[in-house]
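In: requesting a structural model of the entry that follows:
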Amino acid sequence: MPPEALAHLAAVPPYAAPLHLAVGMFDGVHRGHQEVIRRAVDAARAAGGTAGVLTFWPHPSVVLRPAAPTRVMQDPAAKAEVLRQLGVELILTEPFAAGIADVEAGEFVGWLRARLPGLAGLYVGDNFRFGRGRRGDVAVLRETGRVAGVAVTVVPPVQVDGAPVSSTRIRSLLAAGELTAVAGLLGRPYASRGPVVPGKRLGRTLGFPTLNLVWSPPAAPRYGVYAVRVSGASGPARPAVANFGLRPTVERATEPRLEVHVFGDCPWTEGDEVRVEWAHFLRPEQAFPDLAALRRQILQDCAAARAALGLPPA
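Out: I've put the predicted structure just below:
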């Protein structure tokens, strides 16, 4: 990741003006978010300027309602990876703290312009709220943008199956294991990334060696078994079966772990970072009476995963 990818407003790297800036939390970078960002990218390319995104970390709810913060799907690095694929050149991840939360709505555009003197356009969704107490709406943004000489583009929500695409909707589908629906709202398969860490090697003992990944976002998929595809820094993706959960048969874990058994030769080992693309939910996680029963079920899970991925039986 280039060092400027997660820069913030206190240390903005050089960029080519004019700056066309999409603003929002953009958790998940779903199809609705992508439409907002596309408008900024297209405008920047037409003007020979820079396409940027201003987002926040932590989620504003951590500051505004700390007793019940929103469970996010992505950390800043995962979000930045998707944003760069959309053509975003400047990613500003602003710490959401008392300072920005206290900016009055009528002063927000001026506050941005002082820090981003090349700012030419702002791009937001129609539910965008900003300023102290979230008092600012798109009408206020348009008027204050007009006064400051900053064009404001408000993008309506994208509809899928008769309802707006939203991060809240995607989180609910993830919790239910509805990966096909999740992919439809994201506009891409759901994926995770993490380093391979040492495990207890129980899978190897059972005849199914696994990659053990450190990965547990606040808004995570349903605990269970999945058909997945795994990839690394280079080479093609490999089909696999994965278990995400607390491993109730072998330990009383309190933190979930993602364990992936790659079909065929596995080129990755401890210390490598891998990407897991989640294709199909197969079954919920469950406890088994003994390791023999667990092994029988893993055999069935492998067969189910191969079928779900369109592979011939082993």
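
In: does the residue nearest to P18 when sequence neighbours are not counted count as helix, strand or coil?
Out: With C-beta to C-beta, 6 or more residues apart in numbering as the criterion, P18 has its nearest non-adjacent residue at 3.4 Å, and that residue is A120. Quick note: C-beta positions are derived from backbone N, CA and C, even for glycine. The three-state label given to A120 by DSSP: H, G, I helix; E, B strand; the rest coil is strand.

In: OK, contacts around A120?
Out: Shown here is A120, whose contacts under the criterion C-beta atoms under 8 Å, 6 or more residues apart in numbering are 17-20, 47, 49, 150-151.

In: take those residues and keep only those in strands.
Out: Secondary structure assignment by DSSP state E places 19-20, 151 of these in strands.

In: quick one on the thing from earlier: separation between the residue nearest to P18 and V150?
Out: Here the criterion is C-beta to C-beta, to the nearest Å. By it, A120 lies 7 Å from V150.

In: next one: A175
Out: For A175, the distance to V150 - C-beta to C-beta - is 39 Å.

In: neighbour-wise, which of those two wins?
Out: When neighbours are counted by other C-beta atoms under 10 Å, A175 and V150 differ, and V150 comes out ahead with 22 against 14.

In: so the more buried one sits against A114, correct?
Out: No: applying C-beta atoms under 8 Å, one finds V150 not in contact with A114, separated by 11.9 Å.

In: quick check: nearest residue in space to L112, chain neighbours excluded?
Out: Excluding its sequence neighbours, the residue lying closest to L112 (C-beta to C-beta, 6+ apart) is L119, at 6.0 Å.

In: look at that neighbour and report its pLDDT.
Out: Reading off the confidence values, L119 has pLDDT 98.

In: please shift the residue numbers so they start at 7 in all later answers.
Out: All set: I'll call the first residue 7, so the last point we hit is now L125.

In: residue contacts, it?
Out: Counting by C-beta under 8 Å, 6+ apart, L125 makes contact with 24-25, 27, 118-119, 156.

In: report the buried residues of the biggest strand by length in the chain.
Out: Longest strand in the chain by number of residues (criterion: DSSP E): strand 279-290. By neighbour count, and taking 16 or more other C-beta atoms under 10 Å as the criterion, the buried residues in strand 279-290 are 280-288.

In: which among those residues gets closest to S198?
Out: Comparing those against S198 with C-beta to C-beta picks out V282 as the nearest, at 5.0 Å.

In: give me the beta-bridge partners of that closest one?
Out: With DSSP bridges as the criterion, V282 is bridged to S198, V236.

In: mind putting the contacts of L125 into CSV with distance to L89?
Out: Compiled in CSV, the contacts of L125 are given as follows (distance: C-beta to C-beta, whole Å):
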residue, distance to L89
P24, 19
L25, 15
L27, 12
L118, 18
R119, 22
V156, 21
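
In: these: which two are farthest apart?
Out: For the contacts of L125, the maximum inter-member distance is 13.5 Å, found between P24 and L118 (C-beta to C-beta).

In: between the two, tell me which one has more neighbours.
Out: Set side by side, P24 and L118 give different neighbour counts by other C-beta under 10 Å, the larger being at L118 (23 against 18).

In: need the phi and psi values for that one.
Out: Recorded main-chain torsions at L118 are phi -70, psi -40, according to degrees, to the nearest 10.

In: got the buried residues for stretch 126-139?
Out: When burial is assessed from 16+ other C-beta under 10 Å, stretch 126-139 yields the following buried residues: 126-131, 134, 136-137.

In: same check, this time on stretch 302-312
Out: Within stretch 302-312, the residues that count as buried by 16+ other C-beta under 10 Å are 304, 307-308, 310-312.

In: what of stretch 246-256?
Out: Applying a neighbour-count criterion of 16+ other C-beta under 10 Å, the buried positions in stretch 246-256 are 246-253, 255.

In: restricted to strands, list the residues you listed.
Out: Secondary-structure check on the buried residues of stretch 246-256 using DSSP E: residues within strands are 246-251.

In: which one of these is nearest E113?
Out: F250 (44.6 Å).

In: quick one, grab the pLDDT at the closest one.
Out: Residue-level confidence at F250 comes out at 96, pLDDT.

In: now do the contacts for A225.
Out: So A225 contacts 77-79, 177, 180-181 (C-beta under 8 Å, 6+ apart).

In: and I43, by the same measure?
Out: Neighbouring residues of I43 by C-beta under 8 Å, 6+ apart: 28, 32, 35, 57, 59, 89, 92, 94, 129.
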